[in-house]
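> Structural data only, the sequence is not supplied:
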């Protein structure tokens, strides 16, 4: 099942704390970025939070680009993303 479909399905079920792990992703193009933007918009509408895990320097630079900065947070590890988003849910 494509990533976008799976995440949108979970969001519709009420899960608005989303972590997308790109650590094994070999290719990220405009369609992939558009998918992340769409997911972030849905999550934000429900006052949720989205974290992106990236260990690829190029992806990290793209994702930390000024225009994407407000849409999601980029993390170096899944552990860091999980801990941070858990704090968001349970302050």
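Received it, and whenever you're ready, just let me know what you need. Fair warning: this is a prediction, and the values are worked out from it, not measured in the lab.
> which stretches of the protein have low pLDDT?
Scanning the chain for pLDDT under 70 picks out the ranges 1, 3-4, 66, 87-91.
> Please verify my assumption that residue 50 contacts residue 39.
Yes: the pair residue 50 and residue 39 qualifies as a contact (C-beta atoms under 8 Å) at a distance of 6.4 Å. All C-beta atoms are positioned from the backbone trio N, CA, C, and that covers glycine.
> residues shared between the contacts of these two?
Common contacts of residue 50 and residue 39, defined by C-beta atoms under 8 Å, 6 or more residues apart in numbering, comprise 18, 20.
> buried residues in the helix ranked longest in the chain?
Across the chain, the longest stretch assigned as helix under DSSP state H is helix 30-45. By neighbour count with 16 or more other C-beta atoms under 10 Å, helix 30-45 contains the buried residues 32, 35, 36, 39, 40, 42, 43.
> Can you tell me which of the residues you listed is nearest residue 73?
Nearest to residue 73 out of these is residue 40 (C-beta to C-beta; 10.1 Å).
> how about the nearest residue to that closest one, chain neighbours excluded?
residue 71 (4.1 Å; C-beta to C-beta, 6 or more residues apart in numbering).
> if we can go back for a sec, from the chain's centre, how far out does the longest helix of the chain sit?
8 Å (C-alpha atoms, centre = their mean, to the nearest Å).
> What lies in contact with that helix?
3-4, 7-8, 11, 16-18, 20, 25, 49-50, 52, 62-63, 68, 71-72.
> Now with 7 Å, please.
Under the criterion C-beta atoms under 7 Å, 6 or more residues apart in numbering, residues 3-4, 7-8, 11, 16, 18, 20, 49-50, 52, 71-72 lie in contact with helix 30-45.
> Likewise for stretch 63-72?
Contacts of stretch 63-72 (C-beta under 7 Å, 6+ apart): 36, 37, 40, 50, 51, 52, 54, 74.
> Tell me the one of the residues you listed nearest residue 86?
residue 51 (10.6 Å).
> Burial check on that closest one, number of neighbours?
Applying other C-beta atoms under 10 Å, we find 20 residues neighbouring residue 51.
> Please apply the same query to the one 4 residues further on.
In terms of burial, residue 55 registers 15 neighbours under the definition other C-beta under 10 Å.
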